[in-house]
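Student: missing the sequence, but the structure's below:
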C-alpha cells in the first residue's frame, strides 16, 4: 500500500493503489481508466487530446478515483520522464500500463511506418524506462505493455504496425526475464480486434471484434493475476500462433490477398 499525495505534495491517506496509464483518452486506454476508477485508487492518465482526456478524467473522478491527467506526446522522452517523476513523487507507482499506440500515421503523414515506430516502440520505452528504477529499488510493482496479436507474425495488411508490436512484445518478454527475482512483474498484453477509432480505419476483415470495455475487463483480470501474457480472444490467438508457425511459402500467398494500410 502506498500513500498518495497530490502534485503539490499533500498526502491523501485514502489512496491505496496508484496506476499510470498512457493513451487514456480513447479506446482500450479509456476503458482501462474507467475500469480502474474506484475509491482508494489514484490514476495518472496521459493522452494527446485535451478535451477527450479531461472527459475521461471527470468520469473517473465521479467513480471515486483521485485523477491526475496530463496532455503529453509519448514520443517526447524528456516530458514523459518528467511526468513519471512527478507521479512517483505524488505516490509510488504500483502499476504502469504502457498502452498508447497508433496503427498508422495521421492523414497526410509522409512516413507512417516511422510514426508507428516512434509512438508504438519509443512511446513504450519512454513510459517504462523512467518508471523502472523506482520499482526495482522498492522491490515491487507491475509493468504492463500493450502489444497485439498482430505482433506474432508480420502481416502484409500492416507490416509497419505488426513489426512495432512484435518489437514491444519481445521487449516485454525479455524485460520480464531480466527482472525475475527483483519483485517487479511484467505483463505483455496481446489483444485481437477491438472497436476503437484506430481499428475503424482498417480496410480488411476483423474477426471476433469486441468492445473496449470487454477488452479492458479481460486485461484487468489478467493483470490482477499478474499473468505473463494476456492474449485474447483465444481462438484468434491460436490462429495467429498457427499462422506464425507455418512455412512462409504456404502462408504468404494466402495473406497476400488481404492488402491494406502500410
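Tutor: That came in fine, so what should we check first? Because the structure is predicted, anything quoted here is derived from the model rather than measured.
Student: in this protein, spot the helix with the most residues.
Tutor: Secondary structure of the chain per DSSP state H: the longest helix is helix 159-178.
Student: could you pull up the mean pLDDT of whichever helix or strand comes after it?
Tutor: The helix or strand immediately downstream of helix 159-178 is strand 184-191, counting by DSSP states H and E. Regarding strand 184-191, the rounded mean pLDDT is 98.
Student: just checking: what are the partner strands of strand 184-191?
Tutor: Strand 184-191 sits in its sheet next to strand 141-146 (parallel), strand 229-232 (parallel), going by DSSP bridges.
Student: run the angle between that strand and helix 159-178 for me.
Tutor: Strand 184-191 runs at 150 degrees relative to helix 159-178, counting by axes from the mean of the first three to the mean of the last three Cα atoms, to 10 degrees.
Student: in whichever helix or strand comes after strand 184-191, what's buried?
Tutor: Using DSSP H and E, the helix or strand that follows strand 184-191 towards the C-terminus is helix 212-224. For helix 212-224, burial by neighbour count (16 or more other Cβ atoms under 10 Å) applies to 212, 215, 216, 218, 219, 222, 223. Any C-beta I mention is one placed from the backbone N, CA and C, and that applies to glycine too.
Student: ok now do residue 179, which residues does it touch?
Tutor: Contact partners of residue 179, counting by Cβ atoms under 8 Å, 6 or more residues apart in numbering, are 136, 185, 186.
Student: show me which of these is closest to residue 49.
Tutor: Checking the contacts of residue 179 against residue 49 with Cβ to Cβ, the nearest one is residue 186 at 28.4 Å.
Student: find the residue at the geometric middle of the chain.
Tutor: Centroid-nearest residue in the chain: residue 99, 1.6 Å away (criterion: Cα atoms, centre = their mean).
Student: for that one, give me the pLDDT.
Tutor: Residue 99 carries a pLDDT score of 97 in this model.
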